[in-house]
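pasting a predicted model and its sequence here:
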Amino acid sequence: MNYAFYLLCLSVYYILAVPEVLFNIDVNDEKLVASFNLFKRPVQFMSSVFYTTFIIYYLGLKTYAYKLYRFFRILVVVYIVVAVLCFLCNFFELPYDPFYNSFSMLLFPLQVYVLVALFRHKVPYSRYIIWGGIIIVVSSAITLVLSIYLNVYHPGSLYANAQSYFPVQVGIMIDMFLFTIALQKKIADNEKALINAAYARQQAIILERERIIADLHDDVGGGLSSIRMMSDLMVHKSNPDTNSSFAQKISLTAKDIAQRMHTIIWSLNAENDTLENFSEYVRQYAVPFFENTGITFKYNHTDLPKGKQISGVLRKNLFLIIKEALHNIIKHSEASQAAIGISMNKNVLSVQVSDNGKGAFHADHPIAIGSGNGMKNMRNRVEEIGGAIHFRSENGLFIHVEVPVV
């Protein structure tokens, strides 16, 4: 849109600049020429306004080069002010040619500075603007020199004024051609980015489906198979004690399956994708988990930003790491105290699980850090979410998980 207005202003400017050619007027008729000159210079500077605005948004300077963006905004204001001043001076017939010529001469080094700044900041697609700007600066300089030459050596020529504008018109046509190439390239790159984004979303959906299938197979399928086997054994055995034992195991297995299903559904629900929800879910699981175990449990959550988003994959893996650690405390630690701490510091989510049991190197508990399926599963889950996990065995076992959260 800004480039279209820029081209419109240029078209109007050249119509006003060479009226003797387009309208066959007498160049010696000062009143008639003045009517064209009333808008000529204001339109010239308004074309600079639209071209500068076009550069700002086409190159995305606010994102890629904020200082340059601010400079261009100031430049736009200057062009608007000068356009208004030129119109007022023309309207009230005030002589200002020396000031106009001086300002026009200052524009050349300013344009050169803009081109150098664009080159230094290496803004995407700026090379087309740079080359177009170089061509316009050179053609404008040639036009200025040619205009002075024709006015000095051919002062009465009818077409001298029109001929002086020929170099800059050629430069603008080349600039338009370069812009067309740049626009086509940007459109092609945007289409490619959209295709890649659509492909990435499709792959994410496929991976999510595979993850759900794997979770259902591992967490639910295995438990259902166990229930089926124990049910078959109950049918073939008539011993009440054995059947009672199987019934108890089936009940525990069914309870575990229900909890696993709840975790899967919780992780898939996007409404739960906040750090507060994750913290509350962990608390609701851990507090009843330690009831009637003889272990005193303490839960700490500090400095958790409200509304902080975390993905379902991150929530699920962190929860399963905590769950694995809690089960290890119950089964192996012989601890009397356990604690969970969740905190956030500089976009890094920190989770600590600790106990005061016999640690990971006790003679009766020979599970060295880094070995054992439980700890291997923890490491695998941490790697999946791009975090780090640390184990420390001192007056109990301390597990520390750190995960970056953007």
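Received it, and whenever you're ready, just let me know what you need. Numbers count the residues shown, from 1 in each chain.

which parts of the chain are strands?
Defined through DSSP state E, the strands belonging to the chain, from first to last, are 296-302, 337-345, 348-355, 388-393, 397-404.

okay, the ones you listed in CSV with mean neighbour count next?
(Each C-beta comes from the backbone N, C-alpha and C, glycine too.) Written out in CSV, the entries for the strands of the chain read as follows (neighbours: other CB atoms under 10 Å):
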stretch, mean neighbour count
strand 296-302, 13
strand 337-345, 18
strand 348-355, 20
strand 388-393, 15
strand 397-404, 19
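
list phi and psi for Pro124.
phi -60, psi 140 (degrees, to the nearest 10).

contacts only, for it.
Taking CB atoms under 8 Å, 6 or more residues apart in numbering, we find Pro124 in contact with 59-60, 64.

now, among those residues, which is nearest to Ser140?
Each of the contacts of Pro124 was checked against Ser140 using CB to CB; the closest is Leu59, at 21.3 Å.

quick one: that closest one and Ile130 touch, right?
No: taking contacts as CB atoms under 8 Å, Leu59 lies outside contact range of Ile130: 10.4 Å.

quick one: average pLDDT of the longest helix anywhere in the chain?
Of all the elements of type helix in the chain, the one with the most residues (DSSP state H) is helix 166-215. Taken as a whole, helix 166-215 has a mean pLDDT of 83.

local confidence estimate at the nearest residue to Leu318 once chain neighbours are set aside?
Ranked by CB to CB, 6 or more residues apart in numbering and with sequence neighbours excluded, the top spatial neighbour of Leu318 is Val351, at 6.1 Å. What the model reports as pLDDT for Val351 is 95.

tell me the contacts of Val351?
The neighbourhood of Val351, defined by CB under 8 Å, 6+ apart, consists of 318, 321-322, 340-342, 400-403.

for it, give the beta-bridge partners.
Going by DSSP bridges, Val351 is paired in beta bridges with Ile342, Val401.

swap in the one 4 residues further on?
Counting by DSSP bridges, Asp355 is bridged to Ala338.

these two touch, right, it and His332?
No: using CB under 8 Å, Asp355 and His332 do not qualify as a contacting pair, with a distance of 9.7 Å.

nearest to Arg283, out of the strands of the chain?
Ranking the strands of the chain by their distance to Arg283 (criterion: CB to CB) puts strand 296-302 first, at 5.3 Å.

that closest one packs against which elements?
Contact analysis of strand 296-302 by 3 or more CB pairs under 8 Å, 6 or more residues apart in numbering; DSSP states H and E lists helix 275-289, strand 337-345 as its packing neighbours.

for the first one, buried residues please.
So the one you mean is helix 275-289. Neighbour counts over helix 275-289 (16 or more other CB atoms under 10 Å) mark 275, 278-279, 281-282, 285-286, 289 as buried.

distance from the chain centre to it, please.
Its chain's C-alpha centre lies 31 Å from the corresponding centre of helix 275-289 when counted by CA atoms, centre = their mean, to the nearest Å.

show residues contacting stretch 25-38.
With CB under 8 Å, 6+ apart as the test, stretch 25-38 has contacts from 16, 19-20, 87, 90-91, 93, 158, 161.

coming back round to it: what about Leu59 and Ile130, which has more around it?
Neighbours were counted for Leu59 and for Ile130 using other CB atoms under 10 Å; Leu59 has more, 24 against 18.

so what's the more buried one up against?
Applying CB under 8 Å, 6+ apart, the residues near Leu59 are 65, 118, 123-126, 129.

and what of Leu110?
The neighbours of Leu110, taking CB under 8 Å, 6+ apart as the test, are Leu75.

okay if I get the helices and strands packed on strand 296-302 as a markdown table plus distance to Lys308 and mean pLDDT?
A markdown table is the format used below for the helices and strands packed on strand 296-302 (distance: least, CB to CB, whole Å; pLDDT from 0 to 100):
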| stretch | distance to Lys308 | mean pLDDT |
| --- | --- | --- |
| helix 275-289 | 4 | 91 |
| strand 337-345 | 7 | 93 |
